[in-house]
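Student: Any chance you can model this:
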Amino acid sequence: MEDCNNIIEGILYLKGDEGIDIKELSLILEISKKEAVEAMDHFIEAYSKRGFDGLQVVDFGGKYKLATNPQYFPYYQKMVEQSKTTLSQAALETLAIIAYNQPITRAKVEDIRGVGCDGMIRKLIAKALIKEVGREESPGLPILYGVTNEFMDAFSLASLDELPELGDIVETESDEDIFTTRYQEGDLSETD
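Tutor: Below you'll find the model as predicted:
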């Protein structure tokens, strides 16, 4: 059962904000739904007894996820507020893909970037630059993301129509990135 706990912990970590339901867990572990419920119950019990309370397992509408403990929210908030570093290139790429293609799922962003972006999406949500805007009508009902009013304010945009045409950006042969330039000029700080 210990290996099962380790596997479930890894699955929850990899699933991130999407979480996992019992049906999917039973398919991955190749066990019955009843056994999957028992395995998840055992995992939650063992996880809560492990001696650390920074993370907890939560059940949101049948989806199990790892989440931060709300008891420590003031510390997490300070971390976000005190951070003054610029967005990484990966975060800027993810932000640009969402801005130009919204509403868009995480999977489609990953298809465009060619790498996983769950962490980048969480970072951009924490910075209030993107948000969940709905669910795609496809199997699993994946989350759709779009930019926020804070994004619009940070980049001085009245509407997304003001974003440069993608063709214009490619043709300019400049190393200058519209998002990086404004961000580095101070129009956007890590806490915005």
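Student: which residues in this protein form strands?
Tutor: In the chain, the strands defined using DSSP state E lie at 55-60, 63-68, 104-105, 130-135, 143-147.
Student: would you list those in a markdown table and tack on mean pLDDT and distance to residue 117?
Tutor: Placement of C-beta: from N, CA and C, glycine included. Putting these into a markdown table (pLDDT from 0 to 100; distance: least, C-beta to C-beta, whole Å) gives the following:
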| stretch | mean pLDDT | distance to residue 117 |
| --- | --- | --- |
| strand 55-60 | 88 | 21 |
| strand 63-68 | 89 | 18 |
| strand 104-105 | 95 | 11 |
| strand 130-135 | 94 | 11 |
| strand 143-147 | 94 | 10 |
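Student: just so I know, which of those strands lies nearest residue 16?
Tutor: Distance to residue 16, taken as C-beta to C-beta, is lowest for strand 63-68 among the strands of the chain, at 7.7 Å.
Student: still on that earlier bit, closest one to residue 23 among the strands of the chain?
Tutor: Ranking the strands of the chain by proximity to residue 23 (C-beta to C-beta) places strand 63-68 first, at 10.8 Å.
Student: buried stuff in the closest one?
Tutor: Residues 64, 65, 66 are the ones in strand 63-68 that count as buried (16 or more other C-beta atoms under 10 Å).
Student: and the direction of it versus that of strand 55-60, what angle?
Tutor: Counting by axes from the mean of the first three to the mean of the last three C-alpha atoms, to 10 degrees, strand 63-68 lies at 140 degrees to strand 55-60.
Student: which outside residues touch strand 63-68?
Tutor: 9, 12-13, 15-21, 25, 40, 54-58, 76 (C-beta atoms under 8 Å, 6 or more residues apart in numbering).
Student: what comes up buried for the lengthiest helix in the chain?
Tutor: For the chain, the longest helix by residue count, based on DSSP state H, is helix 33-48. Using 16+ other C-beta under 10 Å as the test for burial, helix 33-48 gives 36, 39, 40, 43, 44, 47.
Student: which residues does the third one contact?
Tutor: To tie it back to what came earlier, the one meant is residue 40. Residue 40 sits next to 8, 22, 25, 64 when contact means C-beta under 8 Å, 6+ apart.
Student: In terms of distance to residue 125, which of the buried residues of strand 63-68 ranks first?
Tutor: residue 65 (13.9 Å).
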